[in-house]
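In: Sequence first, then the predicted structure, then my questions.
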Amino acid sequence: MAEIELQFMDAETFLDWATRQEARHELVGGLPKMMTGARIGHDRVVRRALARLTDRLAGGSYEPFTDDVAVRIPNGNVRRPDVTVACGEFDPNALALTAPVVVIEVLPPPTRSFDLVRKLAEYQSLPSLRHILLVDPDDRQALLHGRDADGAWTLETLSGPDATIDLAALGITLALSDLYE
């Protein structure tokens, strides 16, 4: 296997470079970082979230995307949330979103702490973002961060069979249990 020569990249260079790679990468601090594969439990939650959002948003102006579509962070990083929802007309050839409204991350054990701190802060720096949902794939609970009208972030812990995910910016509510069943 050939070694990858590490070089600092800006977001545009990285996105072009990433289209020629077999593995998926994020751009962190100017360097590409290979993403690992997901466990089955993680993938199930992602697929169910995407399916519920696709059904609930059908025919409207909001559209959910998989982690194949990147999100550009103001600090220059490029992230790949498990699910991203954005609004508007999209260039079918675009590789990244710059104005997502919702991001969903399923928290795998190896990167859980990183996702709860650093990625969360990066996502909160996106002016367009209204909701960040961090889902535990094993314990049937989630953290919903929401941006209020004044721009302040609120936090709601969701757990239990009757918990609901209020995505007010999208005008929809999902059942937390739908992500697991």
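Out: Perfect, I can see it now.
In: Strands of the chain, residue ranges please.
Out: 25-28, 31-34, 62-66, 70-72, 78-79, 83-87, 96-97, 100-106, 131-136, 141-147, 153-159, 164-167, 172-175 (DSSP state E).
In: what's the spacing between the fourth one and its chain's center?
Out: So the one you mean is strand 70-72. Put simply, strand 70-72 sits 9 Å off its chain's centre (C-alpha atoms, centre = their mean, to the nearest Å).
In: cool, and the first one?
Out: If you compare the mean C-alpha spot of strand 25-28 with that of the full chain, they lie 13 Å apart, counting by C-alpha atoms, centre = their mean.
In: Offset the numbering so it begins at 16, please.
Out: OK, 16 is where the count begins now, so the last one is strand 40-43.
In: list the helices and strands it packs on?
Out: Contact analysis of strand 40-43 by 3 or more C-beta pairs under 8 Å, 6 or more residues apart in numbering; DSSP states H and E lists helix 26-33, strand 46-49, strand 93-94 as its packing neighbours. Heads up, the C-betas are built off the backbone N, CA and C, glycines and all.
In: could you dump these to TSV with distance to Ser192, mean neighbour count and mean pLDDT?
Out: Below are the helices and strands packed on strand 40-43 laid out as TSV (distance: least, C-beta to C-beta, whole Å; neighbours: other C-beta atoms under 10 Å; pLDDT from 0 to 100):
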stretch	distance to Ser192	mean neighbour count	mean pLDDT
helix 26-33	35	16	94
strand 46-49	33	14	90
strand 93-94	27	22	96
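In: Can you add distance to Arg39 and give these back as TSV?
Out: TSV is the format used below for the helices and strands packed on strand 40-43 (distance: least, C-beta to C-beta, whole Å):
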stretch	distance to Arg39
helix 26-33	8
strand 46-49	7
strand 93-94	11
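In: what's the closest of these to Gly166?
Out: For the helices and strands packed on strand 40-43, the distance to Gly166 is smallest for strand 93-94, at 20.8 Å, taking C-beta to C-beta.
In: Tell me how far that closest one lies from the chain's centre.
Out: 9 Å.
In: so which of the strands of the chain comes closest to Phe29?
Out: That would be strand 40-43 among the strands of the chain, by C-beta to C-beta, at 4.2 Å.
In: re the thing from before, for the helices and strands packed on strand 40-43, which one sits closest to Asp193?
Out: Per C-beta to C-beta, nearest to Asp193 of the helices and strands packed on strand 40-43: strand 93-94, 24.7 Å.
In: Any buried residues in the longest helix along the chain, and which?
Out: Assignment by DSSP state H gives helix 55-72 as the longest helix of the chain. The neighbour-count check on helix 55-72 (16 or more other C-beta atoms under 10 Å) flags His57, Arg59, Val60, Val61, Arg63, Ala64, Leu65, Arg67, Leu68, Arg71, Leu72 as buried.
In: No more questions from me, cheers.
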